[in-house]
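Asker: Output the structure for:
(4 chains)
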Protein chains: 2
Amino acid sequence: MNISVSIYDKLKSYGFKLTRGRKLIINFFIDRNQPVSAMEIMDFLHKRKINLHKTTIYRQLEFLLELNIIRQLQFADRKKMYEIRTSDHHHHLVCKNCQKTEKVASAALETEIQTMEKDILAGSDFKNIRHSLEFFGLCRQCQ
Amino acid sequence: MNISVSIYDKLKSYGFKLTRGRKLIINFFIDRNQPVSAMEIMDFLHKRKINLHKTTIYRQLEFLLELNIIRQLQFADRKKMYEIRTSDHHHHLVCKNCQKTEKVASAALETEIQTMEKDILAGSDFKNIRHSLEFFGLCRQCQ
DNA sequence: TTGACAAATGCAACTATGTTGCATTATTAT
DNA sequence: ATAATAATGCAACATAGTTGCATTTGTCAA
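Answerer: Numbering: from 1, shown residues only, chains lettered A, B, ... in the order given. I've put the predicted structure just below:
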């Protein structure tokens, strides 16, 4: 099944509405398949003469986060980034200068992180352990 | 040698001045030995009736970063955090709710991350690879 | 197809965090 | 004590995100 349709079905089953803006944002996330910021969503829509208010964009992001359709990332700068949630667990390699992003993944690393999370659960008072691992560097153009 | 004195010496050797504000900020970093935000520094100073302007605080942070005396971290929220640079490589376990922070470390994990960084260097166009790994959870009080 | 109802949106005003240019002050070496 | 310049303060601005409330839109049942 098409990803966007399965997301639409999920929203419908909860009783949420499929508005034009919501569909556009969801599809933008799917097509980009990369971290995007609120600003990039705004620009994308604005170029296509679709005037969704910034408040609406932020509220859609909050909404999609709550439903676990997207995840939030935090890179070096101040902006929050978001990406569509897919089953593959990956991390990012982000250019410190231009923010260009690539996905990276390593099974061995995942295993080690999972061990670490178990150790933390056992050795601290914290619950619901999650992690964020990102790599930074300078891409070819910015070197 | 005392940490703060060695930092003072470093600054002096560069020809930078040891102002009251700079010394207070450096010592706050040393004493806290934890990530702190610009706001926390301001509050700390303000409580002691020391009125350093926020511009000055931000400029000191920039300055200390450039000299590698502190490092910048980015957790889930919008604020940037900073901590004194020490030789021990560690990560953080941050409460998603109250931002309470603990240090965590694992030799096995470091090895795996280093391998990953080497792989990235070999397999991408990126140079100067660094990483950021943070764990999140809910601390005892916030569960 | 049309209402009714809740979900979603737009708008204005606001908050928090951080930045810039420039005039003034403080620290340091001599 | 003074000159040189590093550091500071201030006002104004920039950016990212938030809130309350009135209005509009999408959905479902009739």
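Asker: and the residue nearest the centre of chain A, what does it touch?
Answerer: Most central in chain A under C-alpha atoms, centre = their mean is residue A:83, positioned 2.0 Å from the mean C-alpha point. Residues near residue A:83 by C-beta atoms under 8 Å, 6 or more residues apart in numbering or on different chains: A:29, A:33-36, A:70-71, A:73. Backbone N, C-alpha and C define where each C-beta goes, glycine included.
Asker: of these, buried ones?
Answerer: Buried members of those, counted by 16 or more other C-beta atoms under 10 Å in any protein chain shown: A:29, A:35-36, A:70-71, A:73.
Asker: what's in contact with stretch A:111-128?
Answerer: Counting by C-beta under 8 Å, 6+ apart, A:129, A:131, A:133, B:93, B:95-96, B:102, B:104, B:106, B:108-109, B:112, B:133, B:135, B:137-140, B:143 sit against stretch A:111-128.
Asker: What of stretch A:136-143?
Answerer: Here stretch A:136-143 has contacts from A:75-76, A:93-98, A:100, B:120, B:124-132, using C-beta under 8 Å, 6+ apart.
Asker: Just the ones of the residues you listed in helices?
Answerer: Cross-referencing the contacts of stretch A:136-143 against helices under DSSP state H gives residue B:120.
Asker: Quick check: can you list the domain ranges of chain A?
Answerer: Residue ranges for the domains of chain A, per automatic domain parsing: A:1-87, A:88-143.
Asker: any chance of the ones you listed in CSV, with distance to DNA strand C and mean pLDDT too?
Answerer: Shown next, in CSV, are those (distance: least, C-beta to the nearest atom of the strand, whole Å; pLDDT from 0 to 100):
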stretch, distance to DNA strand C, mean pLDDT
domain A:1-87, 3, 92
domain A:88-143, 14, 90
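Asker: Kindly reformat those domains as CSV containing distance to residue B:20.
Answerer: Formatted as CSV, the domains of chain A follow (distance: least, C-beta to C-beta, whole Å):
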stretch, distance to residue B:20
domain A:1-87, 29
domain A:88-143, 33
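Asker: most packed of those?
Answerer: domain A:88-143 (a mean of 16; mean count of other C-beta atoms under 10 Å in any protein chain shown).
Asker: Can I get the top strand by length along chain A in PDB, CA atoms only?
Answerer: If you go by DSSP state E, chain A has its longest strand at strand A:127-138. Output of strand A:127-138 as PDB, limited to C-alpha atoms (Å, rounded to 0.1, in the frame of the first residue of the first chain):
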ATOM      1  CA  LYS A 127      12.600   5.300  32.200                       C
ATOM      2  CA  ASN A 128      11.600   5.300  28.500                       C
ATOM      3  CA  ILE A 129      15.100   5.600  27.200                       C
ATOM      4  CA  ARG A 130      15.500   6.900  23.700                       C
ATOM      5  CA  HIS A 131      18.600   8.300  21.900                       C
ATOM      6  CA  SER A 132      19.800  10.700  19.300                       C
ATOM      7  CA  LEU A 133      23.000  10.100  17.400                       C
ATOM      8  CA  GLU A 134      24.000  12.400  14.600                       C
ATOM      9  CA  PHE A 135      27.300  12.800  12.800                       C
ATOM     10  CA  PHE A 136      28.600  16.200  11.700                       C
ATOM     11  CA  GLY A 137      31.200  17.100   9.200                       C
ATOM     12  CA  LEU A 138      32.000  19.200   6.100                       C
END
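Asker: neighbouring strands for that strand, and are they parallel or not?
Answerer: Applying DSSP bridges, strand A:127-138 is found paired with strand A:91-95 (parallel), strand B:127-138 (antiparallel).
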